[in-house]
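**Q** coords please:
(chains A and B)
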Protein chains: 2
Amino acid sequence: MLKRFLVPEADQVFVKEEAVRAATEEIFRKMSVSGEDAALMADVLMTSDLRGCESHGVSNMLRNYITYYEKGQSNPKPDVKVLRESLISASLDGDGGLGIQVGPAGMQIAIDKAEQTGMGAVTIKNCGHGGMLAYYPLMALEHDMIGVAMHSAGGRLQVPTFGSEPVYGTHPIAWAAPAGKMPPFVFDVATTQVAANKLMLTRRIGSHLEPGWITDLAGEPVMEQVPSPDYGGFLMLPFGGTRENGGHKGFGFATIVDIMAGILSGNGPGYVAQDDWALFVMAIKIDAFRDVTDFKNDMDVLLERLSSMKPTKDHDRVYYAGLMEHEEIELRKREGIPYHREVVEWFNKAAEKLDLDYSLP
Amino acid sequence: MLKRFLVPEADQVFVKEEAVRAATEEIFRKMSVSGEDAALMADVLMTSDLRGCESHGVSNMLRNYITYYEKGQSNPKPDVKVLRESLISASLDGDGGLGIQVGPAGMQIAIDKAEQTGMGAVTIKNCGHGGMLAYYPLMALEHDMIGVAMHSAGGRLQVPTFGSEPVYGTHPIAWAAPAGKMPPFVFDVATTQVAANKLMLTRRIGSHLEPGWITDLAGEPVMEQVPSPDYGGFLMLPFGGTRENGGHKGFGFATIVDIMAGILSGNGPGYVAQDDWALFVMAIKIDAFRDVTDFKNDMDVLLERLSSMKPTKDHDRVYYAGLMEHEEIELRKREGIPYHREVVEWFNKAAEKLDLDYSLP
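**A** Next up, the predicted model:
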């Protein structure tokens, strides 16, 4: 992540992952989620925090999830149904469960089908927020597979190029491939200029947004540096930004997500489905195409070249997607996760309010 | 395409597609390509010109193809070999044939496998330039399938974010999905800020490049408006441009292409394989996931919403990928294709030089 999204040092409180994981599981169980699902959902969030992707960990979303459960907008005990199935595919109805609850099982089905046939893809309609999307393709890596995920996230935020009204959410895409001795390639991006959760981080941190990141409520790009506005006070440009800078490419990739996750699942276009979100996940077995060892050797050749290249001036290194996150995991497992003190305070207040036993240091 | 890439009106010569198609076929046959393949290859180029994508039609590439054949760098009679095959996949060796020659048959295999199982994917190593990449996913549409294509194009042009040396070519991605009454979604973009062939067009046309489109030979982004430099005088940024504007997303998508087309095919990373290029194509059968009619209805709902939306000021319309191209096909079939006069002159000189019968008006 860019520096502007990091918690300022003065506000950092280092907490061991085990403590936050246990607290998060307790919270989910209190929301009537089963113990097994609570552990899984906590794993999705903690994997994000360990990777240095705190935008999608417990800091932002956990309090929202609680609100959804309290308002009855998320189903803590979803009865996932298979709507259609083939040798290589399954279409699921998530029964209103959060994406972080029903998504991993969907990816597991894709992996199982890919194990049998070479490729597997699963759509999930009618689900909620899927957390850090990289979680799903990451599941494929240990099976020597390439993993793909896309997430249709409603239609209230992202305007099309030259458009005055929002039709998509941040509509992220993630893609991962294993390597040999190098850390794997793990790519996960919003198709907007910036992820909504990162805007939430900038509000906590007080940093600014760059020109061409957002639009006003009429879809006109905001072309100066501005403080992060509140939700409801802005819309978002597709990545690339303006047309001259290639915003139509972000718009196109966002449309791919709306088609693969939203429409192919039967959930419908994001701007129609709104709060019912949808996922598309896919696993591709490498040895259907090529020997796994040869593939991984070539991955090492590429990734070593990228990460050892002389950087341009004012930069200290070239990072391919997944490299920085891999290093962050090792660091954070050892030293703890640097949460904003406000997040730690929130956890401890939540324990009191929900009558739970944990207490974070 | 942006206006800067269009042929200026004063230089336009309208030619009927049939005449250019016949001339192109004649040229390929003269290069020892079989009649059947020559017709197919001309179709790839003419489909590009009809869609208004003249960057990838006969204007730029045909003269290069002739040079490749004359220098023995392309094999006009490739003996394509199946290296590995499964229910859902095939890995092909293109035997040095141009991508426009061996790619369509590869996509047909993917479609045939998807017809049987629901999904099919094919890699092709050791091939040349694939033309307009949208051609391959377009083939899937009439089978009620979603089509995907990626093309690893060597490693001499695109620098990674913060990198000082090139590792990728323009590494394009294309994705298409059918609709009901609306023109289909057909997306096809370079993962660089701008396609190499569009830079060639700007040189013919004399227009400028925007800040953040290219870098100098040390990988430093050129942040002012400049005339289009000659090949060898610049490198290219991933789409998004600088890191602050999201160039790491373009870099990530380019890496996906290098992995799916270059490494999964066995061709190797683009910067290693260089002039041996590679393709990845995939077909996804819609009714493996959902009834085709319902899918197409939802596509219409989305595409109508996009194309009928009030545009922002100074713009007359929102175009989704494939809409402008669809309208251009109708126009150009009726009125002819507006080639640059230099291109028509080149064709007629080529007829003389190669002792062929055609003559363009």
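
**Q** Doesn't residue A:231 belong to a strand?
**A** No: assessed with DSSP: H, G, I helix; E, B strand; the rest coil, residue A:231 is coil; it does not lie in a strand.

**Q** quick check: longest helix of chain A.
**A** Using DSSP state H, we find that the single longest helix of chain A is helix A:99-117.

**Q** okay, the angle between the following helix or strand past that one and helix B:99-117?
**A** Beyond helix A:99-117 on the C-terminal side, the first helix or strand identified by DSSP states H and E is strand A:119-127. Orientation of strand A:119-127 against helix B:99-117 (axes from the mean of the first three to the mean of the last three C-alpha atoms, to 10 degrees) gives an angle of 70 degrees.

**Q** as a whole number, average confidence for the helix or strand following strand A:119-127?
**A** The helix or strand immediately downstream of strand A:119-127 is helix A:135-141, counting by DSSP H and E. Average pLDDT, helix A:135-141: 98.

**Q** okay, and for chain A, where does confidence drop off?
**A** The model of chain A has pLDDT under 70 over residues A:1-5.

**Q** From the geometric centre of it, which residue sits farthest away?
**A** In chain A, the residue that sits farthest from the middle, by C-alpha atoms, centre = their mean, is residue A:313; the gap is 31.2 Å.

**Q** just to revisit the earlier point, show me what the longest helix of chain A is packed against.
**A** Using 3 or more C-beta pairs under 8 Å, 6 or more residues apart in numbering or on different chains; DSSP states H and E as the contact test, the elements touching helix A:99-117 are helix A:35-50, strand A:89-93, strand A:119-127, helix A:135-141, strand A:145-152, strand A:277-285. All C-beta spots, glycine's among them, are computed from the backbone N, C-alpha and C.

**Q** is it true that the residue farthest from the centre of chain A touches residue B:219?
**A** No: contact criterion C-beta atoms under 8 Å: residue A:313 and residue B:219 do not qualify, at 9.3 Å.

**Q** show me the contacts for residue A:302.
**A** By C-beta atoms under 8 Å, 6 or more residues apart in numbering or on different chains, the residues touching residue A:302 are B:167, B:255, B:258, B:259, B:263, B:269, B:271.

**Q** can you confirm the fourth one is in a helix?
**A** When you say that, I think you mean residue B:259. Yes: counting by three-state DSSP, residue B:259 falls inside a helix.

**Q** Spatially, which residue comes closest to it, not counting chain neighbours?
**A** Distances taken as C-beta to C-beta, 6 or more residues apart in numbering or on different chains put residue A:177 closest to residue B:259, at 5.0 Å, once the chain neighbours are dropped.

**Q** Quick check on that neighbour: phi, psi?
**A** phi -140, psi 140 (degrees, to the nearest 10).

**Q** again, but for the one 10 residues further on
**A** Dihedral angles phi and psi of residue A:187 (degrees, to the nearest 10) take the values phi -110, psi 130.

**Q** Count the neighbours of it for me.
**A** Neighbours of residue A:187 under the rule other C-beta atoms under 10 Å in any protein chain shown: 24.

**Q** which ones are touching it?
**A** For residue A:187, the contacting residues are A:134, A:173, A:174, A:175, A:176, A:321, A:322, B:252, B:253, B:255, B:256, by C-beta under 8 Å, 6+ apart.

**Q** Take the contacts of residue A:302 and lay them out in a markdown table including secondary structure and neighbour count.
**A** Supplementary listing: those in a markdown table, determined by DSSP: H, G, I helix; E, B strand; the rest coil; neighbours: other C-beta atoms under 10 Å in any protein chain shown:
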| residue | secondary structure | neighbour count |
| --- | --- | --- |
| B:167 | coil | 27 |
| B:255 | helix | 29 |
| B:258 | helix | 34 |
| B:259 | helix | 27 |
| B:263 | helix | 35 |
| B:269 | coil | 25 |
| B:271 | helix | 21 |
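
**Q** Report the buried residues of the longest helix of chain A.
**A** By neighbour count on 16 or more other C-beta atoms under 10 Å in any protein chain shown, the buried set for helix A:99-117 is A:99-111, A:113-114, A:117.

**Q** of the residues you listed, closest to residue B:290?
**A** The nearest member of these to residue B:290, counting by C-beta to C-beta, is residue A:106 at 15.3 Å.

**Q** Quick check: chain neighbours aside, which residue is closest to the closest one?
**A** residue A:122 (4.4 Å).

**Q** same thing with residue A:84?
**A** Per C-beta to C-beta, 6+ apart, closest to residue A:84 is residue A:91, 4.2 Å.
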